[in-house]
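S.K.: I'd like to go over a predicted model; first the sequence, then the structure.
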Amino acid sequence: MRASVRRLAEEARDLYLNDAVPYLEKPPTPLEFQRSWLCPNKPFIVRNAISHWPAISKWTFPYLRQEVGEQSVSVAVTPNGYADAVHQGRFMMPEERKMRFGEFLDIVERKRAASGVFYVQKQCSNLTEEFPQLLKDVDAHIPWMTEALGKDPDAVNFWLGESAAVTSLHKDHYENLYCVISGEKHFILLPPTDRPFIPYEHFQPATYKVNEDGSYDVIDMQNAEKETTNLNEVVRSQRGAVNLVPRSRGVQQLMSGSNSHGEGEVRNEVGYQMVIRCSAHSVYPTATPPPRILGN
């Protein structure tokens, strides 16, 4: 059986998977997208797909301060950048903190000392919920993706972070369009046919808790476990690109992609989400003492 599955993975690479994620010079039509990318579950990158967005030229730190500096937003805080990632035998989730966006910018610009890595990465359409002032600078949806799937995006997320932030390898239940406003994003992409060879394990879920002195505790979640892989997210996506990240893979500058499907999953019920990302300068966290592990 294992030899047959391995042969399937090898034949998939030989017959239809690309050696590298292809770049498109213009967005596909909805029909091209369905036929060439969505149905075969293949990622791609579209150059300059969002160059018409005002955000490309407007989203500087001074502009963001002016527009949303006083807004209270959700920020993920970790000692080392490992949020929603396997670290030291645990599936670590960040401390989620509410703070003024201007205070967050002070930290990422190193205008204010803080222990750890701070990252705006909240899901569930945080652009519309926490950053509505920025909606005027981006399109509400990607027309060819919306037409192909027959629906608007279920979520539009705004992420801003630095190079130290790492996420574990995972699959989403959405088709993903990753829109890079500034900086770069690196992805590791694996096709669905490689799933049998990915070493999934069960890990103890835990969260970080930041103490007043800047030290971190690790708090185990009781009666819970998380199944994931100890591989970390490397395709590089650069400014102005959209990456299509298929639901189990992905890049598009618009980065677009689709995931592998679970048993009983129906394609036409699948929605998509847009992720709009900015990057701070490639800075690294200040030294923090190792977190104390509390609980089990």
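M.R.: Sure, I can see it.
S.K.: rest of the way, CA atoms for contacts and neighbours
M.R.: OK.
S.K.: any low-confidence regions in the protein?
M.R.: For the chain, the stretches flagged by pLDDT under 70 are 223-272, 279-296.
S.K.: Not counting its own residues, what contacts the longest helix along it?
M.R.: In the chain, taking DSSP state H as the definition, the longest helix is helix 2-15. Contact with helix 2-15 is made by 19, 193-194, 196, as judged by C-alpha atoms under 8 Å, 6 or more residues apart in numbering.
S.K.: Any of these buried? List them.
M.R.: Buried by 16 or more other C-alpha atoms under 10 Å: residue 193, out of those.
S.K.: just the contacts of helix 2-15 now: which is nearest residue 117?
M.R.: Distance to residue 117 across the contacts of helix 2-15 (C-alpha to C-alpha) is lowest for residue 194, with 32.1 Å.
S.K.: Could you pull up phi and psi at the closest one?
M.R.: Main-chain torsions, residue 194, degrees, to the nearest 10: phi -90, psi 0.
S.K.: Now intersect the contacts of helix 2-15 with the strands, please.
M.R.: Applying DSSP state E to the contacts of helix 2-15, no entry is found in strands.
S.K.: got the buried residues for the strand of greatest length in the chain?
M.R.: Secondary structure assigned by DSSP E gives strand 200-210 as the longest strand of the chain. Using 16+ other C-alpha under 10 Å as the test for burial, strand 200-210 gives 203-210.
S.K.: Ok, stretch 93-107 next?
M.R.: Buried, per 16+ other C-alpha under 10 Å, within stretch 93-107: 93-96, 100-105, 107.
S.K.: now swap in stretch 6-22 and tell me
M.R.: Of the residues in stretch 6-22, those buried (16+ other C-alpha under 10 Å) are 9, 12, 17, 21.
S.K.: nearest residue to the third one other than its sequence neighbours?
M.R.: When the adjacent residues along the chain are set aside, residue 17 lies closest to residue 42, with 7.3 Å between them (C-alpha to C-alpha, 6 or more residues apart in numbering).
S.K.: Counting by contacts, list what the helix or strand encompassing residue 178 packs against.
M.R.: Following DSSP states H and E, one finds residue 178 within strand 175-180. Where contact means 3 or more C-alpha pairs under 8 Å, 6 or more residues apart in numbering; DSSP states H and E, strand 175-180 is packed against strand 242-247, strand 254-258, strand 272-279.
S.K.: now the angle from that strand to strand 272-279?
M.R.: Using axes from the mean of the first three to the mean of the last three C-alpha atoms, to 10 degrees, the inter-axis angle of strand 175-180 relative to strand 272-279 is 20 degrees.
S.K.: which element follows strand 175-180 toward the C-terminus?
M.R.: Toward the C-terminus from strand 175-180 - assigned by DSSP H and E - lies strand 184-187.
S.K.: what's that next one packed up against?
M.R.: strand 235-238.
S.K.: From residue 61, how far out is residue 130?
M.R.: 17 Å (C-alpha to C-alpha, to the nearest Å).
S.K.: which one of those two has more residues nearby?
M.R.: Shown here are residue 130 and residue 61; by other C-alpha atoms under 10 Å, residue 130 has more neighbours (18 against 15).
S.K.: Got phi/psi on that one?
M.R.: The phi/psi pair for residue 130 (degrees, to the nearest 10) is phi -110, psi -20.
S.K.: still on that earlier bit, what's the spacing between the strand holding residue 178 and its chain's center?
M.R.: Centroid separation for strand 175-180 versus its chain: 8 Å, with C-alpha atoms, centre = their mean, to the nearest Å.
S.K.: Sounds good, over and out.
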